[in-house]
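> Structural data only, the sequence is not supplied:
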């Protein structure tokens, strides 16, 4: 029996999930995917591995998973079979056969997230779960961009992750961090080698605080150096966050 | 005590409503609006009147309602107060004080609906409730446009409305009916003096049947003349339909 490893790119609307990772009695993205895989494998359990978890309400355009299978289906059949079995708030948008040493989590060399705020006068009911409404206070984007410069590069991000973070090494490298107005939206895009728990949402919350004048751009440097989560402001809400893609060297 | 009439423009995501109109024990758009109005009026019941009902799953960008009030709030306060009290899948996008002879339903002189199909290879999880996925069969838009010409003008639309329609006079005038590709979407826009129950969705289903080659454009004429709902094909799903706006002479 030949075992083959499948890599799949997954998009999901996080609104109705208790996050990515399986939890007893909860509706999660992973449990829905593993349920579909089990059906395809005639009730034999198959466990998928993701690049990382996402919180309840967080969305993904390009989450990456892998799983092993003894079935030899043509590639496009995997996508079709999974999409037929999965609920419509999860879609497989790409699949590939990969080497057995590929690992969705450990082989990842980078991740890109985006954070979406809406400028619209009234927050569209169609967009209510997909962006965070800014209300009447328009942030100063120039100041946010200035603040962002302090975060780019290699830093200890202790101040910018949940105090519940179990990971000991909190040094991460942010390769790119941009803020851009796109129509009625303000989009933050951040790319790095990896992110700590709540790190992107803490950065988003902190940059917005600068944009609203509650902090100065240069405060960021001080907050980074403090290595204290209490120094950075409020974590931005989950429903503005998107896991855009995960990169691998090969 | 002076009574004033307020006209409001309402946008809603129809996904989680059992339609527009109040029904005992059901979550409807009207019951949510009337609940908010009652709160504003200190538990005195206030009933809103809409331009017409929409079915479960049908969306609105520009539904119009009116209600009477003895409160004299500045106009923008109405919008703010209602939006604070309403669930986020209903938003008041505009308000106006109008004459007491204005009636959201009886004063309406026209309505515009749109119907949205998605061409995307995989139906985005973010769009699953907001457009109807076309799958692999791409319709012939030229043929759909040709078919649409037979529907424009004044006709008896008995074949194009639900057999449950109670209205006796089934003659309506379609002033405009267009089909347009917009990015990954095919959008049907229809404007007329009024629409019968399920009429827009029956037209959408019929035009798609022509686009897919199941009917010829010229069949439309015959189907109209038959005055028989069984002649027109399947009613298109609710979640592709949007009430775009309602027009009034004054």
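It's in. For clarity, every value in this text was computed on a predicted model and none was experimentally measured.

> What are the phi and psi values at residue A:199?
phi -60, psi -50 (degrees, to the nearest 10).

> right, I mislabeled it, should have said residue A:211
Torsion angles, degrees, to the nearest 10, at residue A:211: phi -60, psi -30.

> cool, and residue A:146?
The phi/psi pair for residue A:146 (degrees, to the nearest 10) is phi -60, psi -50.

> how far away is it from residue A:177?
Distance from residue A:146 to residue A:177, counting by C-beta to C-beta, to the nearest Å: 12 Å. No exception for glycine: its C-beta is placed from N, CA and C like everyone else's.

> Give me the more crowded residue out of those two.
residue A:177 (22 against 16; other C-beta atoms under 10 Å in any protein chain shown).

> Quick check: that one is in a helix.
No: assessed with DSSP: H, G, I helix; E, B strand; the rest coil, residue A:177 is strand; it does not lie in a helix.

> Would you check that it makes contact with residue A:188?
Yes: Residue A:177 is within contact range of residue A:188, at 7.4 Å (criterion: C-beta atoms under 8 Å).

> shared neighbours of these two, anything?
residue A:203 (C-beta atoms under 8 Å, 6 or more residues apart in numbering or on different chains).

> Spell out which parts of chain A neighbour chain B.
Contact residues, chain A versus chain B (C-beta under 8 Å from any C-beta of the partner chain): A:11-13, A:59, A:79, A:83, A:88-93, A:122-126, A:128, A:130.

> And stretch A:112-131, end to end?
End-to-end distance for stretch A:112-131, by C-alpha to C-alpha, to the nearest Å: 17 Å.

> And that stretch, what's buried?
By neighbour count on 16 or more other C-beta atoms under 10 Å in any protein chain shown, the buried set for stretch A:112-131 is A:112-119, A:123-131.

> Please apply the same query to stretch A:16-35.
Residues of stretch A:16-35 classed as buried by neighbour count (16+ other C-beta under 10 Å): A:17-22, A:28-34.

> what are the ranges of the helices in chain A?
Counting by DSSP state H, chain A has helices at residues A:29-40, A:75-85, A:141-149, A:199-211, A:219-226.

> Among the residues of chain A next to chain B, which lie within strands?
In this view, the residues of chain A next to chain B that belong to strands under DSSP state E are A:11-12, A:59, A:90-93.

> can I get those residues in TSV with pLDDT and neighbour count?
Listed next are those as TSV, based on pLDDT from 0 to 100; neighbours: other C-beta atoms under 10 Å in any protein chain shown:
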residue	pLDDT	neighbour count
A:11	98	21
A:12	98	25
A:59	98	26
A:90	98	23
A:91	98	22
A:92	98	21
A:93	97	19
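
> how about the residues you listed, which pair is most distant?
A:59 and A:92 (15.4 Å; C-beta to C-beta).

> Residue A:210: neighbouring residues, count only.
Applying other C-beta under 10 Å, I find that residue A:210 has 24 neighbouring residues.

> I'd assumed residue A:221 was in contact with it.
No: assessed by C-beta under 8 Å, residue A:210 is found out of contact with residue A:221, at 11.9 Å.

> what about residue A:9, distance to residue B:178?
Applying C-beta to C-beta, the value for residue A:9 to residue B:178 is 36 Å.

> between the two, which one's more packed in?
residue A:9 (19 against 13).

> Any regions of chain A where pLDDT drops low?
The model of chain A has pLDDT under 70 over residues A:250.

> Now with 90, please.
Applying pLDDT under 90 to chain A flags the ranges A:1, A:43, A:72, A:76, A:135-138, A:161-168, A:227-234, A:249-250.

> list the contacts for residue A:245?
Residues in contact with residue A:245, defined by C-beta under 8 Å, 6+ apart, are A:61-62, A:64, A:111-112.
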